[in-house]
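**Q** Task: produce atomic coordinates for the following.
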Amino acid sequence: MNDKTKKTLIVGASILVAATGLFFIGRATLNRIKRNAEDKRKKILEEEVSGGGTIQEQVEETESTYNPSGDVKLIAGYILGANMFYYPTEVNGIIMKLNNTDVKKLADAWKNKYKRSLYSDLDDEWDSCGTWGFTNCYESSMKRLSKLGLR
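**A** Next up, the predicted model:
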């Protein structure tokens, strides 16, 4: 082998080793970033589930005197059974005016009474909202329930 061929092989091998090293370093860095993001997400989820919310939520929870039985009956009258009409203004108005603690109480009372979640009953409701096909009339309420983990 002459010197030019040796030089070319050494340079090629160096480039190959460097590229391989950069690939593995980059992959390890991406995995570390993903792992950190997943750990952060799990920590936030554990805080939400364990009830360790913000100070405002804790104050609302201790000061809440909300009794959901009347709203449970009212919403049930709107969405349960075979309905000819849809009531998005009424149902969304009831759920959206409540604070997070009261929405949780409403969902718990619904689950205790009907043995299924309020979210699933809102989702199962046949609603056309005045359009052809099927759309969801109670989307804002369902998003709020989902955000609070009350599916």
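**Q** for the longest helix seen in the chain, the distance to its chain's centre please.
**A** Ordering each helix of the chain by length in residues (DSSP state H) puts helix 3-49 first. Offset of helix 3-49 from its chain centre (C-alpha atoms, centre = their mean, to the nearest Å): 31 Å.
**Q** repeat for stretch 106-116
**A** Remark: stretch 106-116 is offset 20 Å from the chain centroid, using C-alpha atoms, centre = their mean.
**Q** what sits up against that stretch?
**A** For stretch 106-116, contacts defined as C-beta atoms under 8 Å, 6 or more residues apart in numbering pick out 66, 68-69, 71-72, 75-76, 80, 95, 98, 117-119, 121, 145, 148, 150. No exception for glycine: its C-beta is placed from N, CA and C like everyone else's.
**Q** rerun that using 7 Å as the cut-off
**A** 68-69, 71-72, 98, 117-118, 145, 150 (C-beta atoms under 7 Å, 6 or more residues apart in numbering).
**Q** So which of these are in helices?
**A** Per DSSP H, those map to helices at 69, 71-72, 118, 145.
**Q** that older thread, mean confidence score for the longest helix of the chain?
**A** Taken as a whole, helix 3-49 carries a mean pLDDT of 90.
**Q** on contacts alone, who are the packing partners of it?
**A** Packing contacts for helix 3-49, counted by 3 or more C-beta pairs under 7 Å, 6 or more residues apart in numbering; DSSP states H and E, involve no helix or strand.
**Q** List only those of the contacts of stretch 106-116 flagged as buried.
**A** Listed as buried from the contacts of stretch 106-116 are 68, 71-72, 98, 117-118, 145, 150; burial here means 16 or more other C-beta atoms under 10 Å.
**Q** Could you dump the residues you listed into JSON lines and include pLDDT and distance to R27?
**A** Shown next, in JSON lines, are those (pLDDT from 0 to 100; distance: C-beta to C-beta, whole Å):
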{"residue": "P68", "pLDDT": "89", "distance to R27": "51"}
{"residue": "D71", "pLDDT": "92", "distance to R27": "53"}
{"residue": "V72", "pLDDT": "93", "distance to R27": "53"}
{"residue": "L98", "pLDDT": "90", "distance to R27": "47"}
{"residue": "S117", "pLDDT": "91", "distance to R27": "41"}
{"residue": "L118", "pLDDT": "91", "distance to R27": "44"}
{"residue": "L145", "pLDDT": "90", "distance to R27": "39"}
{"residue": "L150", "pLDDT": "86", "distance to R27": "39"}
